[in-house]
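Novice: need coordinates for the below:
(one chain, ligands or ions: 2)
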Amino acid sequence: MEPDPATTPTSGTAAAASSSLIFLGTGCSGALPDTRCLIKPSTPPCAVCSTALSLPPDRNPNYRLNTSLLIDYCHNDGTHKYTLIDVGKTFREQVLRWFVHHKVPSVDAIILTHDHADAILGLDDIWVVQPSNGENDADQIPIFLTQFTMDSIAARFPYLVERKQEDGDEDARGALLDWKIIEDDVNKPFTSSGLQFVPLPVMHGEGYICLGFLFGRRARVAYLSDVSRFLPSTEHAISKSGAGQIDLLILEANGLHGVGGHPRSTHLTLSQSLDAIKRICPKKALLIGMRHEFEHHRENQMLAEWSRREGIPVQLAHDGLRVLIDL
Ligand SMILES: [Zn+2]
Ligand SMILES: [Zn+2]
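Specialist: Ligands and ions are numbered 1, 2, ... in the order given. This next block holds a predicted model:
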């Protein structure tokens, strides 16, 4: 596969002068390892989850936390702004693991895709990444979400919305969040930390809409973490045969087996994701949201063959992956 200069993986200091995407989590809602595979191991044991017993997470691409992306946007003056997409159940572990590793000091904005537990339940811990304005006072973090997600969060985290101190623990303080309502409409873009985002509504189970996002002026990136069916307006906005070829498609592939299409399915299977990649035809694609049927190296070998055949480079992403990209 030819390396693509617009989306070159790195873990080095080159990131200091460039924008990049940091994959904070590439797993399913339950996260990996699946605890059941460790406390009640099958015979033979689950090959994917049992690697968590022998390898540290930073060297184990099968160790996958809740799907989440951090966009490190380098402005023309060299300052970096960090936009976080989704704050799931495993957010604290992701901060400890990848914010430290990639030297990310704080989060400047948050965007939420939908109101499921693996996208929002870490909001209670957001105060630890709140930027400080240097006077022992924290800056508000803008958080972009639909009214539907806002109503759900108001019911589950009233203290974050009403900005009341939680009782009992003096060390824990509520985050200061500036709630910004966005619409599930590809014609209603919004701007976060100087970068424009186009909402990409998709079905996530029939009767439920989840948002993906299209962003980047130079390299254009589409991020779709939870999809069961594409809406025509969204597919047009990111397709080569529609509004134009995008540079990178980040798309979920939740299940390895089966062809999907069950009326109650809420996610794409791998074969559905690959079909969608062929239709959309990006320059390159990375897969996220994988359950424990996916063994990283085995599936990436299979995908390398698929990529040679179809002419679109596709690989599984992994937690901690940082991709330099000219946004
Ligand atoms: Zn397992
Ligand atoms: Zn979901």
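
Novice: what segments of the stretch 151-300 of the chain are helices?
Specialist: 158-161, 232-238, 270-280, 296-310 (DSSP state H, counting those that start in this stretch).

Novice: can you list these in TSV and add mean pLDDT?
Specialist: Supplementary listing: the helices of the stretch 151-300 of the chain in TSV, determined by pLDDT from 0 to 100:
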stretch	mean pLDDT
helix 158-161	92
helix 232-238	98
helix 270-280	97
helix 296-310	98
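
Novice: from those helices, which stretch is densest packed?
Specialist: Per residue and on average, the most neighbours among these fall to helix 270-280, with a mean of 20 (mean count of other C-beta atoms under 10 Å). Heads up, the C-betas are built off the backbone N, CA and C, glycines and all.

Novice: which positions in this protein make contact with ligand 1?
Specialist: Applying the criterion C-beta under 5 Å from the ion, the portion of the chain that neighbours ligand 1 consists of 34, 37, 46, 49, 292.

Novice: which of those ranks first by neighbour count?
Specialist: H292 (22 neighbours; other C-beta atoms under 10 Å).

Novice: which other residues reach stretch 114-122?
Specialist: When contacts are defined by C-beta atoms under 8 Å, 6 or more residues apart in numbering, stretch 114-122 is touched by residues 28-29, 31, 66-67, 86-92, 112-113, 148-149, 152-153, 156, 204, 208-211, 225-226.

Novice: restricted to strands, list the residues of the chain next to ligand 1.
Specialist: Assignment to strands by DSSP state E places none of these there.

Novice: keep these, but drop any that are not near ligand 2.
Specialist: With the criterion set as C-beta under 5 Å from the ion, no member of the residues of the chain next to ligand 1 is near ligand 2.

Novice: Y73: which of those residues is nearest?
Specialist: Compare each of the residues of the chain next to ligand 1 with Y73 using C-beta to C-beta and the shortest gap goes to H292, at 32.8 Å.

Novice: residue contacts, that closest one?
Specialist: 32-34, 37, 46, 48-49, 62.

Novice: now do L274
Specialist: For L274, the contact set (C-beta under 8 Å, 6+ apart) comprises 253, 306, 314.

Novice: ok, so of those residues, who is nearest ligand 1?
Specialist: Of all the contacts of L274, A253 has the smallest distance to ligand 1: 16.5 Å, by C-beta to the ion.
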